[in-house]
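Enquirer: below is the structure, and that's it, no one-letter string:
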Ligand code: AMP
């Protein structure tokens, strides 16, 4: 097999033309590292254990050869059967895998059919989908097992390949017993593919259970894109300064593009949303305590551009696989019921995220990497801004050290100082303090209660219950809780005198740009004016405005 520029190209892998055409339609010019290494081994029939992070193209690494093999088998197959089973730890991941299969089977959708059984509908409702024996079945271990036990899915004699995606999360979400039970339904011989972001002991345990003499791919890929693609800023500040700063960044339109803000607890996510909401900055929260349908809906709306800001509570750091297994059952974190099939930082494919803001610094480097990995995907640019309080300095130092070790090619620190003179923000401090204080834990609880009520009213599953018990519905509808804060509409408008002199220009420039005062595009070969240069530069880097002189510390 020859290689162009050192990389084996898709068309050199001997893949079916229909798959190649679908890859071309997706605009995937060349395989990612994991795809380049793994696809040939899968095509050869080898078991593969791949250490791969989300965003590395790992889904394509198993879906592409799986489709090819199904198509190949169709030439001689006598009867239709389920040939590939893909297990993933969350419903969102299952949906993404199914979407990837749909895209890659664009030119052979009649020949290769795939069913995702992860949606939370009654098992019986999904039975008709499985009657025709789709070629591929995707699902969480729990759902797949339910179908196997119900006799809806029979794979004992037909299955050729099993994939376990994000194996480390399988442990974190306690899917292991279900996987073990699923394995009992598999034929004696099958090919397997396991992906995992880490190679901890528990993943090795799974390796022994499921893989036979696997090729282990520990790809020497840096965990995050290079500094030319991903700029990582840090600012160390007092906890309350975080609150003022985040408000200013959004309020004065200094953040461009879609943004994911990460906090460390669910309540803090709601608090931040309420706080920003008082200034007319709208955002939505995402966490695993929300029903799946709502979560998927939010991600879809974010991807389609309806929202620009999501505030996510980082489930990965709360569900650290290393500590989770030994966590005492009555520990505080486990108090609220979380959906074990959900993950926010990992897996979910947020598209075109320009900025990540760590409002709370993550608890460990894995979590940092997973958060940061939500931006600068493909060949896009991205920015991470971490707000680090004195209390979080230790955590930050550990993460910085670890990142440096993982990315030895980086000169100096992985992080750039985000130069911001907080004294310039005194004009905002009073309003910010006031608004933050209004978001008390009682107010947060009331907002959550209101949302829960809304979820109940919207629930398809409870519809029949309410049809039988209309009084309950009435009570729920008329239960006027004291939720919510009166929006402080006057806070939406910051008077010019309150904006520090140095920032006024930034604020005004942004407003003018927003008001469609477009700077005409100039062909690359023609000279540009300074304004055009600056505009083009800013467009390339969503947080460029942060580097305006107004933000730099004043020389004394
Ligand atoms: P994954 O790691 O499988 O979740 O993939 C992350 C993103 O990379 C998805 O949005 C894919 O569409 C994209 N992707 C996967 N393979 C390639 C490729 N060879 N070239 C460009 N983008 C890709």
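Expert: Everything's here; your move. Owing to the predicted nature of the structure, the values given are computational and were not obtained by experimental measurement.

Enquirer: mind checking the SS state of the residue nearest to residue 392 when sequence neighbours are not counted?
Expert: Nearest non-adjacent residue to residue 392, counting by CB to CB, 6 or more residues apart in numbering: residue 361, 4.2 Å away. No exception for glycine: its C-beta is placed from N, CA and C like everyone else's. Following DSSP: H, G, I helix; E, B strand; the rest coil, residue 361 is assigned to coil.

Enquirer: contact partners for residue 361?
Expert: 368, 386-389, 392, 395-396, 399 (CB atoms under 8 Å, 6 or more residues apart in numbering).

Enquirer: how much space separates it from the ligand?
Expert: Applying CB to the nearest ligand atom, to the nearest Å, the value for residue 361 to the ligand is 25 Å.

Enquirer: ok, now residue 310?
Expert: 17 Å.

Enquirer: what's the answer for residue 41, then?
Expert: For residue 41 relative to the ligand (CB to the nearest ligand atom), the value is 17 Å.

Enquirer: is residue 62 in contact with residue 42, as I believe?
Expert: Yes - the criterion here is CB atoms under 8 Å, and residue 62 meets it with residue 42 at 6.7 Å.

Enquirer: okay, strands next: where are they in the stretch 1-150 of the chain?
Expert: Taking DSSP state E, counting those that start in this stretch, the strands of the stretch 1-150 of the chain run over residues 48-51, 84-87, 114-116, 136-139.

Enquirer: compare these and give me the one nearest the ligand.
Expert: strand 48-51 (10.9 Å; CB to the nearest ligand atom).

Enquirer: so which elements touch the closest one?
Expert: helix 33-44, helix 58-74, strand 191-196, strand 215-218 (3 or more CB pairs under 8 Å, 6 or more residues apart in numbering; DSSP states H and E).

Enquirer: just want the angle from the longest one to strand 191-196.
Expert: If you take axes from the mean of the first three to the mean of the last three CA atoms, to 10 degrees, helix 58-74 sits at 170 degrees to strand 191-196.

Enquirer: any bit of helix 58-74 sitting next to the ligand?
Expert: Yes - remark: helix 58-74 sits within contact range of the ligand at 58-60, by CB under 6 Å from any ligand atom.

Enquirer: adding neighbour count and pLDDT, write those out as TSV.
Expert: TSV is the format used below for the residues of helix 58-74 next to the ligand (neighbours: other CB atoms under 10 Å; pLDDT from 0 to 100):
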residue	neighbour count	pLDDT
58	24	92
59	25	94
60	22	96
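
Enquirer: pick the one among these closest to residue 94.
Expert: Proximity of these to residue 94 (CB to CB) peaks at residue 59, which lies at 11.0 Å.

Enquirer: these two touch, right, that closest one and residue 166?
Expert: No - using CB under 8 Å, residue 59 makes no contact with residue 166, being 10.3 Å away.

Enquirer: any low-confidence regions in the chain?
Expert: For the chain, the stretches with pLDDT under 70 are 1-6, 172, 199-201, 220-221, 292, 314-349, 378-379, 455-463, 465-466, 471-556.

Enquirer: quick check: domain ranges of it?
Expert: 10-218, 230-319+340-489 (automatic domain parsing).

Enquirer: quick one: end-to-end distance for the shortest one.
Expert: The reference is to domain 10-218. This stretch, domain 10-218, spans 21 Å end to end (CA to CA, to the nearest Å).

Enquirer: and what of stretch 130-142?
Expert: Termini of stretch 130-142 sit 16 Å apart (CA to CA).

Enquirer: run the chain-centre distance for that stretch.
Expert: Centroid separation for stretch 130-142 versus its chain: 24 Å, with CA atoms, centre = their mean, to the nearest Å.

Enquirer: list the buried residues of it.
Expert: 130, 133-142 (16 or more other CB atoms under 10 Å).

Enquirer: which residues touch it?
Expert: By CB under 8 Å, 6+ apart, stretch 130-142 touches 66, 70, 80-91, 94, 97-98, 101, 111-118, 144, 147, 152-153, 158, 170, 175, 178-179, 181-182, 341.

Enquirer: show the buried residues in the residues you listed.
Expert: Using 16+ other CB under 10 Å, the buried ones in these are 66, 70, 81-91, 94, 97-98, 101, 112-118, 144, 147, 152-153, 158, 170, 175, 178-179, 182, 341.

Enquirer: of the residues you listed, which belong to helices?
Expert: Under the assignment DSSP state H, the buried ones among the contacts of stretch 130-142 contribute 66, 70, 91, 94, 97-98, 101, 144, 147, 170, 178-179, 182 to helices.

Enquirer: what residues are up against residue 35?
Expert: Counted by CB under 8 Å, 6+ apart, residue 35 has contacts 57, 60-61, 64.

Enquirer: ah, wrong one, I meant residue 385
Expert: 233-235, 355-358, 418, 543, 546.

Enquirer: just confirm it is within a strand.
Expert: Yes - per three-state DSSP, residue 385 lies within a strand segment.

Enquirer: can you tell me how far it is from the ligand?
Expert: For residue 385, the distance to the ligand - CB to the nearest ligand atom - is 23 Å.

Enquirer: give me the beta-bridge partners of that residue?
Expert: residue 233, residue 357 (DSSP bridges).

Enquirer: close to the ligand: what parts of this structure are there?
Expert: Counting by CB under 6 Å from any ligand atom, the chain sits next to the ligand at 28, 31-32, 35, 54-60, 349, 377-378.

Enquirer: could you redo the last one with a cut-off of 5 Å?
Expert: 28, 32, 55-60, 378 (CB under 5 Å from any ligand atom).

Enquirer: can I get those in a markdown table including distance to residue 441?
Expert: Shown next, in a markdown table, are the residues of the chain next to the ligand (distance: CB to CB, whole Å):
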| residue | distance to residue 441 |
| --- | --- |
| 28 | 47 |
| 32 | 45 |
| 55 | 35 |
| 56 | 40 |
| 57 | 42 |
| 58 | 40 |
| 59 | 40 |
| 60 | 45 |
| 378 | 41 |
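
Enquirer: of the contacts of residue 361, closest to the ligand?
Expert: For the contacts of residue 361, the nearest to the ligand is residue 368 (17.9 Å; CB to the nearest ligand atom).
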